[in-house]
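Engineer: A predicted structure for the sequence below; I have some questions about it.
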Amino acid sequence: DAGVIQSPRHEVTEMGQEVTLRCKPISGHDYLFWYRQTMMRGLELLIYFNNNVPIDDSGMPEDRFSAKMPNASFSTLKIQPSEPRDSAVYFCASSLGTGRMNTEAFFGQGTRLTVV
Amino acid sequence: AQKITQTQPGMFVQEKEAVTLDCTYDTSDPSYGLFWYKQPSSGEMIFLIYQGSYDQQNATEGRYSLNFQKARKSANLVISASQLGDSAMYFCAMREGTGFQKLVFGTGTRLLVSP
């Protein structure tokens, strides 16, 4: 398997524009996590899915953020409208989870978002 | 409430020396798992080691070992014989076992290994 694939790797956008980040988890994994990493806040869990169902979105900072997982092989994180304070590295990670707590999460390479 | 606490923003160690990175956690779930990840300057997240709450022995993986003190709720990472390539951010994470298994991270410790 190619691992968790995120796209794009880098995104520069203007304030107010819509941004969509994409993630393809490892085949067979039933958990998908979206994280945001900044210097100030470290690695924050934004939302996670189990079997394509959003379980906890309490980490999503505002209504401008939304995430979907239409099927087991694809998820998106959308920011609309984007603001400069959204600039961060966004990671997607997937893992086996149900009944298998000891399996680690595998991370994508991350998307570095810059909002100007 | 912070579930994972890493109190050392930065640590320095000389090459070939051992270093301990601290991690404390907070949970009332009797079933949980603790993970350590390394993030080098290139940015990827690399899994290092895992410790389960019911494991009787401390986990070890090569030069990495986990000093697990359940009563104190601590899971410190010990890196023996540090190498220059160990310079990176290190994150402690926890996954609670009951119900849905979210994975939450601490704020990380930056380790710098000097020659």
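Structural biologist: On my side now, so go ahead. Numbers count the residues shown, from 1 in each chain, chains lettered A, B, ... in the order given.
Engineer: For residue A:33, give its distance to chain B.
Structural biologist: Distance of residue A:33 to chain B, given as Cβ to the nearest Cβ, to the nearest Å: 6 Å. C-beta here means a position set from N, CA and C on the backbone, and glycine is covered the same way.
Engineer: For that residue, grab the count of nearby residues.
Structural biologist: Here the number of neighbours of residue A:33 (other Cβ atoms under 10 Å in any protein chain shown) works out to 26.
Engineer: On the pLDDT front, check it for me.
Structural biologist: Listed pLDDT for residue A:33 reads 95.
Engineer: May I have the beta-bridge partners of it?
Structural biologist: residue A:48, residue A:93 (DSSP bridges).
Engineer: neighbours of the nearest residue to residue B:107 once chain neighbours are set aside, just the number please.
Structural biologist: Leaving aside its sequence neighbours, residue B:107 sits nearest to residue A:42 (Cβ to Cβ, 6 or more residues apart in numbering or on different chains; 3.9 Å). By other Cβ under 10 Å, the residues close to residue A:42 number 17.
Engineer: ok, what's across the strand from residue A:42?
Structural biologist: residue A:38.
Engineer: Tell me the confidence at residue 55?
Structural biologist: Let's take chain A. Residue A:55 carries a pLDDT value of 92.
Engineer: Can you look at chain B instead?
Structural biologist: 90.
Engineer: Does the residue nearest to it when sequence neighbours are not counted fall in a helix, a strand, or a coil region?
Structural biologist: Using Cβ to Cβ, 6+ apart and skipping the chain neighbours, the partner closest in space to residue B:55 is residue B:68 (7.3 Å). Assigned with DSSP: H, G, I helix; E, B strand; the rest coil, residue B:68 falls in the strand class.
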